[in-house]
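Participant: Got a sequence here, can you build the structure:
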Amino acid sequence: MNNDQIFKDRARVLDEDLAGRASTAGADALLAEIVALERAPARRRLLPPRGRALLGLAAAAAAVAVIAPVMLSGGTISISPRPGTSASATAGPTARQILLAAAVAVEKAPASGDYWRTATVHRWMLTDPTRSYVLEGGRSHELWRAKRPDLKYWRIWQDLGIKPATPQDEAAWRAAGAPTSWRYPEDMKTENLFSVPYGGLLEAAPGERTAERLSGKWQGSAGDLAGEDMTWEKVRAIPSDPGGLRSYLEERIARLDLTGSGMDAQEARANILLRDCVGVISDLPASPEVRAAAYRILASLPAIRAEGETADPLGRRGQTLTYQEEIEPGLFTRVQLVVDPGTGLLLAEVRTNTTELANGRQAELRLSTSFEAIGWTDDRPELPAQRD
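Facilitator: Prediction:
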């Protein structure tokens, strides 16, 4: 295959891929040709296999960007980059290229099983009640949703303990007497904190692994999407092409009452569209094709930019994608998505704020969810003795 034909074919396949029509086999074959082209003697640059594939995909999507720019119809939700940000932060693969690669990969995931399992590790940072130092805590969580009526729904969790977030925070904590529990007043100001356990008690010691059998409203539940409780039947009816999925989500988002939010309604709906796409990928027991369509919608959003390879909170390597989210009028949080484009797995979602402590120090606060497992399994949950 000559170079001109490769460029024509890569444009055709990725153009089709944006509409969700390219076959996995066709995309894989084309990527192999692109990687072979990138290995030509004039391009003597050694990259690991995953890097070569991403580089080939980067070149392919760049060609498509010239030939077939994304067109948005009237009334379609669009997220634009914040002033002062660029669509591409690195010379490596762009966000669009990474997300399209993840879309192709996730289509190969298992399409059925006895349980839809999500296993996560949540980590959070919070100031102590006096705002003298920052604490960091965490919780592991597993949710086993049973598709078969003869199987049970289970939730398994464990509090992982609380400690000062940094050596500087540890010094302030020791100066305060090294407390092992913290009670928060009900009138404590939230300000830039992600959450405050009003009137609640936090304890430093980790908890026991605990299981809870879920019943009642959980029976037959497949989660929620765009503010709507989803049954297994509703999930099966979700459109599996990017255009259909986007219309499906936008129709439901338009029903939400956002008048009390104090934010621009169009901007708020754009943020909800992005979050709902992430929710389809990370939580909803949708088909591999629907999850791939969600990735392709994200690939069309100009607000998301790539920041290169990094480690997620569990130390796994992935490609980092970043955008800004308005959580209150005029208050923005930085959101990072860490994606493994080779498997299509969303490794982590990390939100970052800064807050001012009592001594004037600016402290960084992070709220993260790391995804250890997302998808179908025929395994059974390993239930601890401790039951709630």
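
Participant: Could you list the low-pLDDT ranges of the protein?
Facilitator: For the chain, the stretches with pLDDT under 70 are 1-91, 191-192, 198-199.

Participant: any chance you could map the helices in it?
Facilitator: For the chain, the helices defined by DSSP state H cover 3-18, 24-38, 49-67, 95-106, 167-175, 232-236, 242-253, 265-282, 288-299.

Participant: same for the fourth one, what does it pack against?
Facilitator: Contacts of helix 95-106 with other secondary structure elements, assessed using 3 or more C-beta pairs under 8 Å, 6 or more residues apart in numbering; DSSP states H and E, are made with helix 3-18, helix 24-38, helix 49-67, helix 288-299, strand 305-311, strand 317-328, strand 331-340. Backbone N, C-alpha and C define where each C-beta goes, glycine included.

Participant: likewise the shortest one?
Facilitator: Contacts defined by 3+ C-beta pairs under 8 Å, 6+ apart place helix 232-236 against strand 221-225.

Participant: Mind naming the longest strand for this structure?
Facilitator: Using DSSP state E, we find that the single longest strand of the chain is strand 362-377.

Participant: quick one: buried residues of that one?
Facilitator: Neighbour counts over strand 362-377 (16 or more other C-beta atoms under 10 Å) mark 363, 365-372, 374-376 as buried.

Participant: now do stretch 121-132
Facilitator: Buried-residue list, stretch 121-132, by 16+ other C-beta under 10 Å: 121-128, 131-132.

Participant: Show only the entries of those residues found in strands.
Facilitator: Under the assignment DSSP E, those contribute 121-127 to strands.

Participant: Make JSON lines out of these and add distance to residue 197.
Facilitator: Below are those laid out as JSON lines (distance: C-beta to C-beta, whole Å):
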{"residue": "121", "distance to residue 197": "19"}
{"residue": "122", "distance to residue 197": "14"}
{"residue": "123", "distance to residue 197": "16"}
{"residue": "124", "distance to residue 197": "11"}
{"residue": "125", "distance to residue 197": "13"}
{"residue": "126", "distance to residue 197": "8"}
{"residue": "127", "distance to residue 197": "12"}
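
Participant: Among the residues you listed, which one sits closest to residue 292?
Facilitator: residue 121 (25.2 Å; C-beta to C-beta).

Participant: Give the closest residue to that closest one in space, chain neighbours not counted.
Facilitator: Leaving aside its chain neighbours, residue 121 sits nearest to residue 370 (4.5 Å; criterion: C-beta to C-beta, 6 or more residues apart in numbering).

Participant: give me the beta-bridge partners of that neighbour?
Facilitator: Beta-bridge partners of residue 370, counted by DSSP bridges, are residue 121, residue 348.

Participant: and it, what does it touch?
Facilitator: 120-123, 312-314, 347-348 (C-beta atoms under 8 Å, 6 or more residues apart in numbering).

Participant: What distance do you get for residue 374 to residue 291?
Facilitator: 9 Å (C-beta to C-beta, to the nearest Å).

Participant: shared neighbours, these two?
Facilitator: When C-beta under 8 Å, 6+ apart defines a contact, the residues bordering residue 374 and residue 291 alike are residue 281.

Participant: before we move on, the earlier item: now do the longest strand of the chain and helix 167-175, the angle between them.
Facilitator: Orientation of strand 362-377 against helix 167-175 (axes from the mean of the first three to the mean of the last three C-alpha atoms, to 10 degrees) gives an angle of 110 degrees.

Participant: what's the angle from strand 362-377 to helix 95-106?
Facilitator: Using the same axes, to 10 degrees: strand 362-377 against helix 95-106 is 30 degrees.

Participant: For residue 221, state which of the contacts of residue 370 is nearest.
Facilitator: residue 120 (17.8 Å).

Participant: List just the nearest of the buried residues of stretch 121-132 to residue 355.
Facilitator: Nearest member of the buried residues of stretch 121-132 to residue 355, counting by C-beta to C-beta, is residue 127, at 6.6 Å.

Participant: I'd like to check which residues are in contact with the closest one.
Facilitator: 133-135, 193, 355, 357, 363, 365.

Participant: What about the closest residue to residue 268 other than its chain neighbours, how many residues nearby?
Facilitator: In this structure, residue 268 finds its nearest non-sequential neighbour in residue 258, 5.0 Å apart by C-beta to C-beta, 6+ apart. For residue 258, the neighbour count with other C-beta atoms under 10 Å is 16.

Participant: how much space between residue 258 and residue 335?
Facilitator: With C-beta to C-beta as the criterion, residue 258 and residue 335 are 19 Å apart.

Participant: Ok, residue 299 next?
Facilitator: With C-beta to C-beta as the criterion, residue 299 and residue 335 are 16 Å apart.

Participant: Look up phi and psi at residue 329.
Facilitator: Dihedral angles of residue 329 (phi, psi; degrees, to the nearest 10) stand at phi -50, psi 120.

Participant: all numbers from here: first residue = 16
Facilitator: With 16 as the first residue, the last one maps to residue 344.

Participant: Let me see the contact set for the nearest residue to residue 179 once chain neighbours are set aside.
Facilitator: Taking C-beta to C-beta, 6+ apart, and ignoring the residues beside it in sequence, residue 179 has residue 185 as its nearest neighbour in space, at 4.0 Å. Neighbour list for residue 185: 148, 178-179 [criterion: C-beta under 8 Å, 6+ apart].

Participant: In PyMOL, select just the buried ones from these.
Facilitator: Restricted to buried positions by 16+ other C-beta under 10 Å, the PyMOL selection for those reads:
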select buried, resi 148+179
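
Participant: about what we covered before: ok, now how distant is the residue nearest to residue 179 from residue 236?
Facilitator: Using C-beta to C-beta, we find residue 185 at a distance of 42 Å from residue 236.
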